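Engineer: following is a predicted model, sequence given first.
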Amino acid sequence: MSELIDPFGRRIEYLRISVTDRCDLRCKYCIPEGFTDFEEPEHWLSFDEIARLVRLFAQLGLKRVRLTGGEPLLRRNIADLAGRIAAVPGIEDLSLSTNATQLEKHAVALKAAGVTRLNVSLDSLRPERIARINGRPAYDRIMAGIAAAKAAGFAPIKINMVALEGDNDDEIDAMVEWCMAQGFVLRLIENMPMGDTGRNVRYLDLQPVKEQIRRRFDLVETVLPGGGPARYLGTPDGRFTVGFITPISQHFCATCNRVRLTVDGVLHLCLGQEDRFELRPLLRGGATDAEIVEAIRAAIARKPERHEFREQPQKLVRFMSMTGG
């Protein structure tokens, strides 16, 4: 089969799969406190349905899969799904994004199942700030999870910090130093205006931050293998790298190689647009593999050129965990 090429010549080879929209944290830029309108479990794609879609996507050139949520480790038997995806011919990279609160008890099983990389959300090194930004006093569980992942042999571990003006921007240098000492890759992320929660925190432009970090730590431009959008600085000896994910100040839409699958089977073609295609009715309606492949091709043909976070920040009603990280 020919590969998936969107209308703008971009090869789609990266699928982010949300296995649940539920989370045990309430990060101030994501799920609103008190929110209960989660997807019903009977609407969740089963592991068989997810594995089938990955197999069909792989026949179309898919190489990378990331398991996301919500918090993916809340999905029961997640390591079993990881093992099934890792075994699909053509899948070269299987990663998982987590807040690490459940990671201590899952790290070994995930590594054995074939997960090659972990991205851990960590917005502060201070327990009281974790409680304030992430909505729960989870610092000890997060740190235990990170330690378990390191002990299980995950390397490199990427630490994702959403940079928030007035909340944790005074801690960025400390996070750089901590990640250097731990041997982790740091990735600083600009907050995106997704839903009211995403718009209610103060946006921080990472371009000046990038230059400050470059000068303070004597870093140089570098690259890091992977399918994501980060631009990296690193030490000349290659022992430390810090990435910058800048959807607002310097968008990366021209090189976008990914689409997102929600827990209920909706394929989102752009994180910042409403273009979508529902695959669950086909999966549960008796569609053949050939019919699903044609549906995937038709969906990719509708992938928009770029998001409009800067031009229309009020556009998206859905918040991040409803789409998948």
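Structural biologist: Cool, the structure landed. Numbering: from 1, shown residues only.

Engineer: what comes up buried for the host helix or strand of residue 175?
Structural biologist: Per DSSP states H and E: residue 175 is located in helix 172-182. Neighbour counts over helix 172-182 (16 or more other Cβ atoms under 10 Å) mark 172, 175, 176, 179, 180 as buried. C-beta here means a position set from N, CA and C on the backbone, and glycine is covered the same way.

Engineer: repeat for stretch 149-165
Structural biologist: Across stretch 149-165, burial judged by 16+ other Cβ under 10 Å covers 149, 150, 152, 154, 157, 158, 159, 160, 161, 162, 163, 164.

Engineer: tell me which of these fall in helices.
Structural biologist: By the criterion of DSSP state H, membership of the buried residues of stretch 149-165 in helices covers 149, 150, 152.

Engineer: what about the closest residue to the last one other than its chain neighbours, how many neighbours?
Structural biologist: Leaving aside its chain neighbours, residue 152 sits nearest to residue 107 (4.1 Å; criterion: Cβ to Cβ, 6 or more residues apart in numbering). Number of residues near residue 107 (other Cβ atoms under 10 Å) recorded here: 27.

Engineer: surely residue 107 meets residue 144?
Structural biologist: No. Assessed by Cβ atoms under 8 Å, residue 107 is found out of contact with residue 144, at 10.0 Å.

Engineer: one step back: quick check: the farthest pair among the buried residues of stretch 149-165?
Structural biologist: Distances among the buried residues of stretch 149-165 were taken as Cβ to Cβ; the most separated pair is 152 and 164, at 30.0 Å.

Engineer: find the nearest non-adjacent residue to residue 297, please.
Structural biologist: Sequence neighbours aside, residue 4 is the residue nearest to residue 297 in space, at 6.9 Å (criterion: Cβ to Cβ, 6+ apart).

Engineer: wait, the one you found touches residue 10, no?
Structural biologist: No. Taking contacts as Cβ under 8 Å, residue 4 lies outside contact range of residue 10: 9.1 Å.

Engineer: those two: which is more packed in?
Structural biologist: Remark: of residue 4 and residue 10, residue 4 carries more neighbours, 22 against 18, as counted by other Cβ under 10 Å.

Engineer: how near is residue 205 to residue 249?
Structural biologist: Plainly put, residue 205 is 5 Å away from residue 249 if you go by Cβ to Cβ, to the nearest Å.

Engineer: the residue sitting furthest away from the middle of the chain and residue 86, how far apart?
Structural biologist: Distance from the C-alpha centroid of the chain, by Cα atoms, centre = their mean, peaks at residue 286 (30.7 Å). From residue 286 across to residue 86, the span is 28 Å (Cβ to Cβ).

Engineer: before we move on, what about residue 265?
Structural biologist: From residue 265 to residue 86 the distance is 21 Å (Cβ to Cβ).

Engineer: and the helices in this structure?
Structural biologist: 47-59, 78-86, 107-113, 127-134, 139-152, 172-182, 195-199, 206-217, 280-284, 289-300, 320-323.

Engineer: what residues are up against residue 176?
Structural biologist: By Cβ atoms under 8 Å, 6 or more residues apart in numbering, the contact set of residue 176 is 186, 213, 217, 242.

Engineer: how about those in a markdown table, adding neighbour count and pLDDT?
Structural biologist: As requested, the contacts of residue 176 are arranged in a markdown table below (neighbours: other Cβ atoms under 10 Å; pLDDT from 0 to 100):
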| residue | neighbour count | pLDDT |
| --- | --- | --- |
| 186 | 25 | 98 |
| 213 | 20 | 98 |
| 217 | 16 | 97 |
| 242 | 30 | 98 |
